[in-house]
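Student: Here is my input, please return the structure:
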Amino acid sequence: MPGSHHRQPSALLRADFEYADLKRFDAVIDVRSPAEYAEDHIPGAINCPVLDDAERAQVGIVYKQQSAFDAKKLGAAIVARNIAAHLDNNFRCNAKGWKPLIYCWRGGSRSGAMTHILRSVGWHALQLEGGYKSFRARVIRDLETLPARFTYRVICGRTGSGKSRLLEALAVAGAQVLDLEQLAAHRGSVLGDLPGAPQPTQKAFESLIWEQLHRSDPARPLFVEAESKKVGMLRVPQSLIERMWEGQCLQLDVPEAARVALLRDEYAHLMRDTTLLYAKLDCLNSLHSRERIDTWKSLARAGRWDEFVADMLKNHYDPAYGKSMFRNYRHAELAQHLEVRDISPGGFARLAERLVKPVATTDEHG
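Tutor: Residues are numbered from 1 along each chain as shown. Next comes the predicted model:
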């Protein structure tokens, strides 16, 4: 029959799935090795490897040194044992109507084996056609067009103005927020590493952005923080940063003393680990003289933290901010200025309510 070759097999989710299709499943299961999963995975997926990293390497060695047949025999035995362990330890309590989506690297034998066993039990398991590779291709395609669907309200302000805190308060107040620094596990400056939280890979960062954009409503504004092209070591997708540059800007005006207090709070871990702080300051040697960097180190060594932060704001952060804002963000000069005198959580919560309330009022009264 015409078009019959497009019929979807009952055990397969087509590679051209929509984001909403993922919500049909009770679980998304990544059966790749832990290292593959750590590099990137479908957001929300759990890792139930049928071959761990060492086992995968072992099968690869047998493939190269002996034969494909010997590698398949070894791999099949290991996969069978691991699936049995997952049945005992991870899936035992799932009800008969449980519906998981299973994927591996290319939608091949690893996810095929898991899907076959789970369907044999009676669960409604589906295998993702093309596996992670098809998901990754979807992310790349979508990130070229998704950002253009939204209008952006860009939170601007000099370093230490509480932009991230306002984004958090906006999310609590019901606004739509895309917090790139949170997704990137980085505060966006040379001192911005989060203690104990390494940055995700570039691919994982893009997957998290992809998910957040799909979860957002293009009919409502999306609040973002003014970022440069990179957040730490990660690149903001070009299509997204270009749309952000066109957004309506909201400028936070915060007194210097309050900015110093905010930064002291956010970078308290560096004040406890001056060796790490000095190493980060040395990264600025292409931008500042050795004398200035030594001055910052001396202030830190003496525990004169207010002076240290104030001097870094004056001689490093503020000049860099002025250059980048007016070069990139088209409407920075027309920004709505918001005076911030209360930097407590309650102060930012009240500011967020003021920003969200006009939108809600408009909706209520048509």
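Student: Pull the contacting residues for Lys133.
Tutor: For Lys133, the contacting residues are Trp105, Arg106, Gly107, by CB atoms under 8 Å, 6 or more residues apart in numbering. All C-beta spots, glycine's among them, are computed from the backbone N, C-alpha and C.
Student: ditto for Asp253
Tutor: Taking CB under 8 Å, 6+ apart, we find Asp253 in contact with Gly157, Ser161, His337, Leu338, Glu339, Val340.
Student: What of Arg158?
Tutor: Contacts of Arg158 (CB under 8 Å, 6+ apart): Val254, Arg259, Leu313, Tyr317, Asp318, Tyr321.
Student: Just say helix, strand or coil for the third one.
Tutor: In the three-state summary, Leu313 is assigned as helix, counting by DSSP: H, G, I helix; E, B strand; the rest coil.
Student: pretty sure it is touching Ala261, no?
Tutor: No: with contact defined as CB atoms under 8 Å, Leu313 does not reach Ala261; the gap is 11.9 Å.
Student: more crowded one of these two?
Tutor: Higher neighbour count among Leu313 and Ala261: Leu313, with 19 against 16, using other CB atoms under 10 Å.
Student: count of residues packed around the nearest residue to Ser161 once chain neighbours are set aside?
Tutor: Nearest non-adjacent residue to Ser161, counting by CB to CB, 6 or more residues apart in numbering: Leu252, 4.1 Å away. Residues near Leu252, counting by other CB under 10 Å, number 22.
Student: Partner strands of the helix or strand harbouring Leu252 and their direction?
Tutor: Using DSSP states H and E, Leu252 falls within strand 248-253. Here strand 248-253 is paired, per DSSP bridges, with strand 152-156 (parallel), strand 336-339 (parallel).
Student: Just the C-alpha atoms of the very next helix or strand once past it, please, in CSV.
Tutor: Using DSSP H and E, the next helix or strand after strand 248-253 towards the C-terminus is helix 256-266. Only the C-alpha atoms of helix 256-266 are listed here, as CSV (Å, rounded to 0.1, in the frame of the first residue of the first chain):
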residue,chain,number,x,y,z
GLU,A,256,28.6,49.5,45.6
ALA,A,257,28.5,48.5,49.2
ALA,A,258,25.7,46.1,48.5
ARG,A,259,27.5,44.7,45.5
VAL,A,260,30.6,44.0,47.6
ALA,A,261,28.4,42.3,50.2
LEU,A,262,26.7,40.1,47.5
LEU,A,263,30.1,39.1,46.0
ARG,A,264,31.6,38.3,49.4
ASP,A,265,28.7,36.0,50.0
GLU,A,266,28.9,34.3,46.6
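Student: if we can go back for a sec, and the strand holding Leu252, how far from the chain's centre?
Tutor: Taking CA atoms, centre = their mean, to the nearest Å, one finds the center of strand 248-253 at 24 Å from the center of the full chain.
Student: do stretch 313-320 as well
Tutor: Centre to centre, stretch against its chain (CA atoms, centre = their mean), the figure for stretch 313-320 is 27 Å.
Student: quick one, what contacts Ser207?
Tutor: Applying CB under 8 Å, 6+ apart to Ser207 gives the contacts Asp40, His41, Ile42, Pro43, Val139.
Student: With Tyr132 instead?
Tutor: By CB under 8 Å, 6+ apart, the neighbours of Tyr132 are Asp30, Arg32, Glu36, Asp40, His41, Ile42, Tyr103, Cys104, Trp105, Arg106.
Student: now do 6 Å
Tutor: Tyr103, Trp105 (CB atoms under 6 Å, 6 or more residues apart in numbering).
Student: State the helix or strand in which it lies.
Tutor: Assigned by DSSP H and E, Tyr132 falls in helix 131-145.
Student: Buried residues in that helix, which are they?
Tutor: Using 16 or more other CB atoms under 10 Å as the burial criterion, the residues of helix 131-145 that qualify are Gly131, Tyr132, Ser134, Phe135, Arg136, Arg138, Val139, Asp142, Leu143.
Student: Can you show me the strands along this structure?
Tutor: Assigned by DSSP state E, the strands in the chain fall at 12-13, 27-30, 46-47, 100-103, 126-128, 152-156, 176-178, 222-225, 230-231, 234-235, 248-253, 336-339.
Student: centre of the chain versus stretch 22-36, how much separation?
Tutor: 17 Å.
Student: roughly how far apart are Thr274 and Phe69?
Tutor: From Thr274 across to Phe69, the span is 60 Å (CB to CB, to the nearest Å).
Student: Can you give me the neighbour number for Arg259?
Tutor: Applying other CB under 10 Å, we find 24 residues neighbouring Arg259.
Student: Let me know whether it touches Thr159 as I believe.
Tutor: No: Arg259 lies out of contact with Thr159 (CB atoms under 6 Å); the separation is 7.3 Å.
Student: which residues of the stretch 51-200 of the chain score low on pLDDT?
Tutor: Applying pLDDT under 70 to the stretch 51-200 of the chain flags no residue at all.
Student: coming back round to it: for the strands of the chain, which one sits closest to Trp305?
Tutor: Among the strands of the chain, the nearest to Trp305 by CB to CB is strand 248-253 (22.4 Å).
Student: Can I get that closest one in PDB? Just the C-alpha atoms.
Tutor: Extracted C-alpha coordinates of strand 248-253, given in PDB (Å, rounded to 0.1, in the frame of the first residue of the first chain):
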ATOM      1  CA  GLN A 248      14.400  44.200  26.200                       C
ATOM      2  CA  CYS A 249      16.900  45.100  28.900                       C
ATOM      3  CA  LEU A 250      16.200  45.600  32.600                       C
ATOM      4  CA  GLN A 251      19.100  47.300  34.400                       C
ATOM      5  CA  LEU A 252      19.700  46.600  38.100                       C
ATOM      6  CA  ASP A 253      21.200  49.600  39.800                       C
END
